Every structure is written in C-alpha cells, then in structure tokens.
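[1] coords please:
(2 chains)
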Amino acid sequence: MAEPQRARPKPTPETQHFWDGTKAGELRLQRCDACAHVYFPPRPFCPSCASRKVSIFKASGKGFLYSYVINHRPAAPGFTPPYAIAVVELDEGPRMMSNIIDCPQTPKALELDMKLEVAFEALDDKITLPVFRPAKG
Amino acid sequence: MRSNQVAVVGAAETTELGIIPNVSQLQLHADAALNAIADAGLKLSDIDGFATAVETPQQVCHYLGIKPTWVDGTSVGGCSFMLHVRHAAAALEAGLCKTVLITHAESGKSMIGKAPRSIPADSLQGQFEAPFGVYGPPSMFPIPVLRFMKTYGITHEQLAAVAVVQREWAAKNPRAMMKDPITVADVLNSRMIAYPFRLLQCCLVTDGGGALILTSADRARDFPRKPVYIMGTGESVETPMVSQMETFNSSRAFKTAGPLAFREAGIAHKDVDHLMIYDAFAHLPLFGLGDLGFMPHEETGKFIADGNTRPGAKLPLNTNGGGLSYMHSGMYGMYALQESVRQMRGIAPAQVPNAKISVCHGVGGMFAASGTIVFTNER
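    Reported below is the predicted structural model:
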C-alpha cells in the first residue's frame, strides 16, 4: 500500500493563477486597481472596496513569522511529527499558512518575527507549494 | 430585540454524558429532546419551532415527529446553539411560532451515525491550509496563541492555570468527565499535542447532547420550572481559515457578538454574576475576557492564574468544568448554555449563590464564528 499522501490542493478557476505562479517559481498576490488593497486568498474582486478591477502581481516573497504551532499529534498524512505549521505575514500585507524549511522545528529556532523568504516545493507535476525559509543576510 | 420577552422553559442534557457507544448521534438528539420536553411539562406536539446544527432540521424533526412552522439550521460550529437562541427569540417575538425546541447531539468519541468531517481539496481551506499539515482542531485552534502571548506578555504557566482552575469546578460536578485535581506542573508535563499546548490544555472528546425549549416570557409563567429570560444576544462570523483572521491578538467575531449582547441587555461587566466562555482550548477564556471587555487582554492570564475565576472568587467562570474537564462532544456551546440555565434556575451542582445574570459566550470553528447570550432569572 502506498504511503498516505499530503493533502493536495485542487485549484478552482479563481485560484488557478496562484498555482500557475508557484509552479513557475513566483508567489502571486492580487492588488485592487481602485483602492490599492493587496489581498489573499485569491478572488476576482477586491474584498475591501468590491471593485472587480484587480491585477495579479509577483510578490517579493519576503515576510516574517507571525505565529505557529509545532504539531506533535495527530500528524497529518504525509507529515513526520514534530513539524511546524506557520502563519507568515508577507511584506505586502496579507498572511498565509505555510511550513518553515531549513530550520529546526523547535521553539528555540522558530522565533516570532524572524525574517523569512519564500521557497517552492513541488508536490507533483501540477502542484507546487509555497514554503518559507529563514531569510539570508 | 427587546430584553426579557422570551424565556427558556425547558433544558436538559442527554441521559448519559461521556462515552456512549450504544446510542447513535440521531438518537442522542431525541434523548436530549425528550428530556427537555419532560422538563418543560410539554408534549412533542406542542413544539412548532425547531433548530439544530450539523444534522438538518428535517432529519431531526422527522425522527421526533415534529411538524414545525419555523426552522433554523444555522450551522457555524460549536456556538450554533447561541445563534439558535438569538434567532428563536426573534422568531417568537415576531409570532412565527410559539414554542421552540433547539437540539444538539454529537457522537464525538464513539462516532456512531456521525459523518467524519472532511475538507474538500478545492475549497479555500483545502488549497491554502490543509496542504501545510493542519489536521483537526488541536493543530489549528492554537495557531494564534504564540502571537497572543508575545503581544500581551502571557506566560505558559498562566495558560496552564486555566486548566487547573476549571478542574476545581469540575470536581464539584458529578457529571464531569475529569474530576481529579491537577497542578500547573501536571499541565506543563502532560503530553505535547501542538506546541505550545499540551494534552491538559486541549478539550475532551466525548459523546452527548442537550436541548432547550423557549417560549414567550408571558407564557413562561405557566411552566413548572423557574423561567430563565433572554436578556441580550449577539452573533457574528469572521473566517473559516484561522490563518486569515484579522489579527491573532483578538477575535473579531468575539468583539462583535459580545458587546452586542451586553448593549442589548443594558448591563455593565460588574453586573455579571456568572460567566461561561467556550473553552475548546486553554487560550479561549483569555481571548474571551479581553474581547468581551472584562479587562485588557494583558491582564487576563494573571487574572485567572491569581484565582479570580475559581470557586468562591469574584468572577465564577466555566462552572461545570468546561470543555477541558466537563465534556466536549465537538460542539460544546449547548453545554455552556445548559450550565448558564442551571445557574439561573439555582440548581447547578456548583451553584453560584444569588446569581442573577449569566453571560454565555460561544465560539464556532477556529474563531470562525461567535454567539453570546445574556441570561437573567429576574424580569
């Protein structure tokens, strides 16, 4: 029997551009053309002012560690505990859930407010997840 | 909505609470409903309004043989029943029905006749949270805690004290699942679940149910039990994704629902004799005390650790033992409401002497929704 797989996102028409972006090595956000609000998760209108005129852009990929848990049990399929489930605040404003790589999964190493930068982890030939690592320099 | 126009005239939990492997979830609804009907001295045929969550109203109404003219299937998580009370009070005032039954039941531990919860892969949660290893409430609900602690200077010991104090209340409740005293050290040495939370800071997983019966305050005088009046109500929702909360320093849903209920009731915080704050995890009472305006968030940890919410102290909180020690079937809000009603009737196992106003505050999902009810036993 195959190992249990990590939950795999299934894009919708409104989110496809995000997943096309991660596959191309870009973290894509949306900005309202009317009020300049930057938002996530993806949708084809501004959740702040309701304008349908919005643009997709490549985010800097930089942010900081806003909060996290280190999950011990029960572990999600495809994960080896303990592993951190993090929320990253991006420099552009929105927050997103992610994982922290290249860093011990310990309270000591995972310091709140530490600077992070995006990296990309391919799940298969269709889906690449955005993950974060401690920023260099 | 006007205060004290609607009253609870029937209230009961399932005959058993805890681990009930021989009863399905649907039958637990019926068991709670029949107990509440008996408590109110009514017949099922007297019920013309019905509300429940997770199960559909048609499922439970058909099983019970109820023919309603008003139904509410609001299902926003564990505080759904607070919202049902609010909606039922409005419906009764508007004359849409005369006698409302609200049921909750969950085979949360035994999983008999209960569909497992699943997150569709193409939902926003399925795309932007599930792939990062969240797996059930223990991995999600505590995600804001470290930020909250850093912002307000809350300590691990203070968050452990929440479980210790609630166990003191549970010891006074014969129906509580966990009654043995615990210390802060016991909590901090219990098995790690999702750092920073350990086993004793996470709710129980049990089976059970409860039901309430509401009618107009004018009719309530003719019922056998002391009426418990709905003095104020509030509700709101924020987001199904914990990662997308406006801030981890408070809950927007709490800050909307709580003050609405206080305003409607026309009460100040010093008027509150008894308080329930849905405690799926140990940080919820701290968020609740701050967001409901009892004190600044930075004082909440010390307030509980100093013993201000324990038996005999000035603000009795979670007097059944809470989701941490009394029971938690998955949607605990109904049990918080039951305890508020018992306190207002004066029949709670750990009765607060002369309590006249009880505030009952619920959460749904991971800070996704909120409902607050202010009860009183004086009209």
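
[2] Test my guess that B:Gly136 contacts A:Pro74.
    Yes - counting by CB atoms under 8 Å, A:Pro74 is a contact partner of B:Gly136 at 6.4 Å. The C-beta positions use only the backbone N, C-alpha and C, and glycine is treated the same way.

[3] Please enumerate the shared neighbours of these two.
    In terms of CB atoms under 8 Å, 6 or more residues apart in numbering or on different chains, B:Gly136 and A:Pro74 are not both contacted by any residue.

[4] In three-state terms, label B:Met231 for me.
    Secondary structure for B:Met231, judged by DSSP: H, G, I helix; E, B strand; the rest coil, is strand.

[5] who in chain A is up against chain B?
    Contact residues (CB under 8 Å from any CB of the partner chain) of chain A with chain B: A:6-12, A:15, A:19, A:40-41, A:66-79, A:82-83, A:85-87, A:95-99, A:107, A:112, A:123, A:129.

[6] Return the subset of those lying in helices.
    A:Trp19 (DSSP state H).

[7] does A:Cys103 really touch A:Phe132, like I thought?
    No - here A:Cys103 lies out of contact with A:Phe132, judged by CB under 8 Å, at a distance of 9.1 Å.

[8] Now whatever residue of the stretch 201-350 of chain B ends up closest to chain A: closest residue in space that isn't a chain neighbour?
    Closest to chain A within the stretch 201-350 of chain B is B:Ser243: 3.9 Å, counting by CB to the nearest CB. Nearest residue to B:Ser243, sequence neighbours excluded (CB to CB, 6 or more residues apart in numbering or on different chains): A:Met97, at 3.9 Å.

[9] what's across from the one you found in the sheet?
    A:Val87 (DSSP bridges).

[10] close enough to count as contact, it and A:Ala86?
    Yes - between A:Met97 and A:Ala86 there is a contact under CB under 8 Å: 7.1 Å.

[11] quick one: low-confidence parts of chain A?
    Along chain A, the model assigns pLDDT under 70 to residues A:1-3, A:137.

[12] same for the top strand by length along chain A, what does it pack against?
    Counting residues, the longest strand found in chain A (DSSP state E) is strand A:62-71. Counting contacts by 3 or more CB pairs under 8 Å, 6 or more residues apart in numbering or on different chains; DSSP states H and E, strand A:62-71 is packed against strand A:83-90, strand A:115-122, helix B:137-140, helix B:145-152, strand B:192-195.

[13] make it 6 Å
    Secondary structure elements in contact with strand A:62-71, counted by 3 or more CB pairs under 6 Å, 6 or more residues apart in numbering or on different chains; DSSP states H and E, are strand A:83-90, strand A:115-122, strand B:192-195.

[14] Now do the first one against helix B:145-152, angle only.
    It stands for strand A:83-90. 50 degrees (axes from the mean of the first three to the mean of the last three CA atoms, to 10 degrees).

[15] packing partners for the strand or helix carrying B:Thr300?
    Assigned by DSSP states H and E, B:Thr300 falls within helix B:297-305. Helices and strands touching helix B:297-305, by 3+ CB pairs under 6 Å, 6+ apart, are helix B:156-170, helix B:284-291.

[16] Other residues contacting the longest strand of chain A?
    Residues from elsewhere that reach strand A:62-71, judged by CB atoms under 6 Å, 6 or more residues apart in numbering or on different chains: A:82-91, A:95, A:105, A:110, A:112-117, B:139, B:142-144, B:146-147, B:194-195, B:248.

[17] out of those, which are buried?
    Buried by 16 or more other CB atoms under 10 Å in any protein chain shown: A:82-90, A:95, A:105, A:110, A:116, B:139, B:142-144, B:146-147, B:194-195, B:248, out of the contacts of strand A:62-71.

[18] Okay, and the nearest residue to B:Ile47 once chain neighbours are set aside sits in which element?
    Nearest residue to B:Ile47, sequence neighbours excluded (CB to CB, 6+ apart): B:Leu101, at 4.6 Å. Using DSSP H and E, B:Leu101 sits in strand B:99-107.

[19] And the next helix or strand after that strand, what's buried?
    Next in sequence after strand B:99-107, counting helices and strands by DSSP H and E, comes helix B:124-128. The neighbour-count check on helix B:124-128 (16+ other CB under 10 Å) flags B:Leu124, B:Gln125, B:Gly126, B:Gln127, B:Phe128 as buried.

[20] Relative to B:Thr309, which of those is nearest.
    Nearest to B:Thr309, judged by CB to CB, of the buried residues of helix B:124-128 is B:Gln125 at 33.4 Å.

[21] ok, the closest one touching B:Ser118?
    No - here B:Gln125 does not reach B:Ser118: they are 10.5 Å apart, not a contact under CB atoms under 6 Å.

[22] hmm, back to that, and for the residue nearest to B:Ile47, the neighbour number?
    30 (other CB atoms under 10 Å in any protein chain shown).

[23] Tell me if B:Phe367 really is in a strand.
    No - in this structure, B:Phe367 is coil, not part of a strand, as judged by three-state DSSP.

[24] For the nearest residue to it once chain neighbours are set aside, give me its contacts.
    Closest residue to B:Phe367 apart from its sequence neighbours, by CB to CB, 6+ apart: B:Ser251 at 4.6 Å. B:Ser251 is in contact with B:Phe287, B:Asp291, B:Phe367, counting by CB under 6 Å, 6+ apart.

[25] This completes my enquiry, with thanks.
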